[in-house]
Every structure is written in C-alpha cells, then in structure tokens.
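>>> Need a 3D model of the sequence below.
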Amino acid sequence: MLSRDILVQQLPFVLEAVPFDFLSDHYTGKVRDTFRLKQLRIMVTTDRLSCFDRVVTTVPFKGQVLNNLAHFWFRATSDIVSNHVVAVPDPNVLVARDCQILPVEVVVRAYLTGSAWRDYAAGNLVSGVRIPAGMRQSQRFEVPIVTPSTKEGRGKHDEPISEQEIISRGLVPGSVWEEVRSVALRLFQRGTEIAARQGLLLVDTKYEFGIERGQLVLADEIHTLDSSRFWVAESYHERFARGESPVMLDKEPTRQWLLAQGFKGEGPIPHFTDQHRVEIAEHYIASYERITGAVFEGVGGDPLPRIEKALRSLL
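Okay, here's the model as predicted:
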C-alpha cells in the first residue's frame, strides 16, 4: 500500500486529460481516452472517477489501479473467450486489437443492489426482468441474472434494455446475443470463484464485447472497481441480517456519498476535498491488493511524458 504522503504528492499530477495530437481518432470516454494507431486501438486509462454517468472528480493512481486490475482479469479469463489485449506498454495504457464493439453493455447480477434495487423498490422491471416479490436490498438471487443496458457516450445516461428488445431492435443478432449471454455468465462464474479465494463476493459487473473477424471478443475492461461491485464475504450475512450494507471494495461508497449530497447525476457536482480524493485512492489501492493478492506498485510523477514516450515507441 502506498503511503498517504505519496498519494498527496500525486494530487498535482493526476491524469485528467490526454492531449496527444500525434495519434488519430481521439475519443474521450468517461474514464478512458482512446486513439487509433495502425490497426490497433490505444486505451489510456485516466484518473477520472465517473458516477451516475458523470465525471465527478479525479483520484491519484486510479488509472493505474484500473488498468492493472483489468489486465489481471483478462489473463485470468482468456481460456473462456478471446480478449482484445495486445500489450500493456505503460501502467495507464492498454494496446488492443480494434474490433466492432456491440452497442450494449452486458450486466450480470448475483445480488439485488445498486440501480437494480432502486428500480425494484420503485416497482419497476430491471432491464425487462421481473424480480420476485419480497426480496430485500443486498439479497442474493437464486441464480445470477442478466440485465443489459444501452451504451451511451460521455455525459449521457446508459439506459436499461431488455434482452428481447436488443434482438427486436436489431442491436445484436439473436445468435450472437445467445453467445454473449453464455460467455458473460461463464466469465461471471470465473470471477466469482477467484474472488471467493480472496474472501470476496463478486456482486455484479458489466462486460463489453466486440466482433473481430466474425469472432466474439471481450473488450474494454473486466471486473475492475469501476465496472464491478465486490463485497467482503465475512461481512455479508451478519450485516444483511441487520439490514446494513456489506463492506465494499468498489466505488459504491462514493456513489452513496454523492446520493447523500442529493446528487443523482443531474445538476452541480458536489465538491471533493483533497483529503476525500486521497481516501478514495487508498480505498482503490487496498481493494486492488485484496482482489489480486499482489502489492500495488504505482509509478508517481507527471504521467504524460512517460505515456507519450511509451506510445511513440509504438509508431
């Protein structure tokens, strides 16, 4: 675990924007900036923190945590489905094969929490799925459920969508969707097994898939703290019985803090103090180490010259 002093020293050097003009097709997502290089897609994971589809602040070393964690999980699941990873030439950079990204996010849930709980409590379906009556917040489903959403750009809200609507609207062909669904559930099962060895519960996650040369490819990220919820297993049953939230390893505490400030994605973003940003960094790093069982070794200082050098070496 990096010391608090190191995290404070990194605050002036958080990676918020990636102004490289020597690469083409620059696209700024919520957390990642992507570029095209030859037949490759360059993904730079920044330190931006997104909640409710809005960038709310920056967090020291967050990009390195996410990029390293995604790479850990890509390696751990490569026998299930091919992924787009070519190389990781820098702690913030992933070089990927360019593929045709499917226009939906595949969300797999094992517990009733987050937006699914909010929809359920309001009496709504969850991406077309009718949840059994009488369930409580944080309760485990008998089997994991698939609740897709649309994939929107930065500043727009992803919207729940049913599996039937995905096919009827022609977003994904039926035969491809069946494969996507099957692979997503297998990835979730693998994630559940690996998390359990670390005393964790994989609560829910999102996957993004693409098509390359007619084959399904896992893209974007997998089982990171931005795309997934993890709970500490030993905290679950006792806290659930008391109606309390389990100990969380993801960005849900930040979501809850924002909700407590009255922020749900609209209007002015509440102010994050430097101390709060450092505490979030500590949370991300500790979570990374708990999930992977490895010590996080962040590279400090201004990341832009380092990243630019790594990318120019690919030209």
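>>> Mind jotting down where the strands sit in the stretch 151-300 of the chain?
With strands called from DSSP state E, counting those that start in this stretch, the stretch 151-300 of the chain shows them at 200-212, 215-219, 228-232.
>>> For the last one, could you pull out the residues that count as buried?
Same thing as strand 228-232. Within strand 228-232, the residues scored as buried using 16 or more other Cβ atoms under 10 Å are 228, 229, 230, 231, 232. Where C-beta positions appear, they are placed from N, C-alpha and C, glycine not excepted.
>>> What of the second one?
Taking 16+ other Cβ under 10 Å as the basis for neighbour counts, the residues of strand 215-219 that come out buried are 216, 217, 218, 219.
>>> Any chance of the residues you listed in TSV with distance to residue 302 as columns?
As requested, those are arranged in TSV below (distance: Cβ to Cβ, whole Å):
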residue	distance to residue 302
216	39
217	33
218	32
219	29
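>>> Redo the strands of the stretch 151-300 of the chain as CSV? Include distance to residue 253 and mean pLDDT.
CSV is the format used below for those (distance: least, Cβ to Cβ, whole Å; pLDDT from 0 to 100):
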stretch, distance to residue 253, mean pLDDT
strand 200-212, 14, 97
strand 215-219, 28, 97
strand 228-232, 11, 96
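>>> Quick one: residues contacting the residue nearest the centre of the chain.
Centroid-nearest residue in the chain, with Cα atoms, centre = their mean: residue 227, separated by 2.0 Å. By Cβ atoms under 8 Å, 6 or more residues apart in numbering, the residues touching residue 227 are 205, 206, 207, 220, 221.
>>> Among the buried residues of strand 228-232, which one sits closest to residue 270?
residue 229 (21.6 Å; Cβ to Cβ).
>>> distance of that closest one from residue 256?
12 Å (Cβ to Cβ, to the nearest Å).
>>> do the same with residue 82
Counting by Cβ to Cβ, the gap from residue 82 to residue 256 is 36 Å.
>>> And for residue 106?
Counting by Cβ to Cβ - residue 106 and residue 256 are separated by 25 Å.
>>> neighbour count winner among those two?
Neighbours were counted for residue 106 and for residue 256 using other Cβ atoms under 10 Å; residue 106 has more, 26 against 13.
>>> The one helix or strand that one maps to - contacts with which helices or strands?
Using DSSP states H and E, residue 106 sits in strand 104-111. In terms of contacts (3 or more Cβ pairs under 8 Å, 6 or more residues apart in numbering; DSSP states H and E), strand 104-111 is packed against strand 140-146, strand 149-150, helix 174-197, strand 200-212.
>>> ok, now with 10 Å
When contacts are defined as 3 or more Cβ pairs under 10 Å, 6 or more residues apart in numbering; DSSP states H and E, strand 104-111 packs onto helix 114-121, strand 140-146, strand 149-150, helix 163-168, helix 174-197, strand 200-212, strand 228-232.
>>> could you give the mean pLDDT of the first one?
Mean per-residue pLDDT for helix 114-121: 94.
>>> Could I get the pLDDT score of residue 233?
At residue 233, pLDDT is 97.
>>> That one contacts residue 239, doesn't it?
No. Residue 233 is beyond contact range of residue 239, at 11.1 Å (criterion: Cβ atoms under 10 Å).
>>> between these two, what contacts are shared?
246, 247 (Cβ atoms under 10 Å, 6 or more residues apart in numbering).
>>> circling back to that earlier point, which residues do residue 229 and residue 256 both contact?
residue 248.
>>> The stretch 1-150 of the chain: strands as residue ranges?
Under DSSP E, counting those that start in this stretch, the stretch 1-150 of the chain gives strands at 24-28, 32-37, 40-45, 48-51, 54-58, 85-90, 93-97, 100-101, 104-111, 140-146, 149-150.
>>> Find out how far the first one is from the centre of the chain, if you would.
Between the mean C-alpha location of strand 24-28 and the chain-wide mean there is a distance of 20 Å, by Cα atoms, centre = their mean, to the nearest Å.
>>> What pairs with it, parallel or antiparallel?
Strand 24-28 has the following strand partners under DSSP bridges: strand 32-37 (antiparallel).
>>> can you check the fourth one too?
The strands beside strand 48-51 in its sheet (DSSP bridges) come out as strand 54-58 (antiparallel).
>>> buried residues in the strand it pairs with?
The neighbour-count check on strand 54-58 (16+ other Cβ under 10 Å) flags 54, 55, 56, 57, 58 as buried.
>>> picking up where we left off before, closest to residue 182 out of the contacts of residue 227?
In terms of Cβ to Cβ, no member of these lies closer to residue 182 than residue 207, at 11.9 Å.
>>> wait, what's in contact with the residue nearest to that closest one when sequence neighbours are not counted?
Of all residues not flanking residue 207 in the chain, residue 106 sits nearest, at 4.5 Å (Cβ to Cβ, 6 or more residues apart in numbering). By Cβ under 10 Å, 6+ apart, the contact list for residue 106 reads 146-149, 151, 163, 166, 172, 177, 180-181, 183-185, 187-188, 205-209.
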